[in-house]
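S.K.: Provided below are the primary sequence and the corresponding predicted coordinates.
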Amino acid sequence: MLADWTFGTVLWEMLIIFAWIIWFWLLITVFADLFRRHDIGGGGKVLWCIFVIILPFLGVFIYLLVEHAGMADRNTQQMQAAQAQTDAYIKDVAGSGGPAAEIERAKGLLDSGAISQAEYDQIKSKALSGSA
């Protein structure tokens with residue numbers, strides 16, 4: 001059995017396996033994008049699904065040709081939303097930055113003339129005492 005395998009057949013089998021993996025990845029990508037869309041209704045989604053299921057290669061390739069710009073935009077929006085959620089979470093968890101950050105903000109206000117020296121001293125003493 002092992003004697004039947006030549007280097008060429010091993011490469012060919014690896015190419016076939018790679019092509020199948022890419023094919024399933026494309027199918028998953030198309031269906032994920034299709035069900036994530038909000039710009040078409042249920043009927044349009046059903047028609048695309050039927051088209052991709054009945055004529056799989058043609059359906060996937062046509063979907064990729066027709067919707068490539070929309071897919072990129074939706075992926076970008078999803079990544080930006082995820083990044084915004086992550087940033088908001090980090091800011092929420094990080095808190096205000098403690099007394100040093102409060103003093104720094106007060107110093108910026110003092111330098112800009114928004115508060116007086118007495119107000120700055122009051123903010124600084126509250127921050128340092130921990131009763132902010």
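M.R.: That came through, no problem.

S.K.: list the helices and strands the worst-scoring helix or strand of the chain on mean pLDDT packs on?
M.R.: Least confident helix or strand of the chain, by mean pLDDT, DSSP states H and E, is helix 98-112 with a mean of 87. Helices and strands touching helix 98-112, by 3 or more C-beta pairs under 8 Å, 6 or more residues apart in numbering; DSSP states H and E, are helix 117-129. Just so you know, the C-beta spots here come from the backbone N, C-alpha and C atoms, and that holds for glycine as well.

S.K.: which residues sit against the helix it packs on?
M.R.: 99, 102-103, 106-107, 109-110, 115, 132 (C-beta atoms under 8 Å, 6 or more residues apart in numbering).

S.K.: any idea of the angle that helix forms with helix 98-112?
M.R.: 170 degrees (axes from the mean of the first three to the mean of the last three C-alpha atoms, to 10 degrees).

S.K.: hmm, back to that, neighbouring contacts of the least confident helix or strand of the chain?
M.R.: Applying C-beta under 8 Å, 6+ apart, the contact partners of helix 98-112 are 96, 115-117, 119-120, 123-124, 126-128, 130, 132.

S.K.: Please identify the buried residues of that helix?
M.R.: If you call a residue buried by 16 or more other C-beta atoms under 10 Å, then helix 98-112 has these buried ones: 102-103, 106, 110.
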